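1. Here is a sequence together with a model predicted from it:
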Amino acid sequence: MKMVLSQKQKDELNRAITDYLSSSGYGDTLDTFKREANIPADELDKKYAGLLEKKWTSVIRLQKKVKSACKSNFSR
């Protein structure tokens with residue numbers, strides 16, 4: 001499957017993943033991910049704090065809205 005993210009989006013996603021791994025206590029995985037994603041070992045940007053979880057909950061909320069809208073259209 002071909003990825004459609006721009007380079008900037010990939011970088012932001014990698015930093016959000018880095019924050020998630022760090023805040024969740026996945027130290028070994030964090031170190032490996034930083035190495036493979038070419039993120040400096042000491043780099044953590046507070047701008048990405050909680051971003052991955054916020055985006056994830058937004059996706060779930062929007063999926064529920066879409067399902068609800070589809071059900072409304074079928075019942076007409």
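-> That came through fine. Residues are numbered from 1 along each chain as shown.
2. List the contacts of the residue positioned nearest the centre of the chain.
-> For the chain, the residue nearest the mean C-alpha position is Leu52 (3.6 Å; CA atoms, centre = their mean). For Leu52, the contact set (CB atoms under 8 Å, 6 or more residues apart in numbering) comprises Ala16, Ile17, Asp19, Tyr20. All C-beta atoms are positioned from the backbone trio N, CA, C, and that covers glycine.
3. okay, the second one: pLDDT?
-> Going back to what we said before, that points to Ile17. Looking at Ile17, its pLDDT stands at 95.
4. Could you pull up the contacting residues of it?
-> Phe33, Ala37, Leu52.
5. Lys10: which of the residues you listed is nearest?
-> Ala37 (8.8 Å; CB to CB).
6. What count of nearby residues applies to the nearest residue to the closest one once chain neighbours are set aside?
-> What sits nearest to Ala37 in space, not counting adjacent residues and going by CB to CB, 6 or more residues apart in numbering, is Asn14, at 4.5 Å. If you count neighbours by other CB atoms under 10 Å, Asn14 ends up with 17.
7. With that, I have no additional questions.
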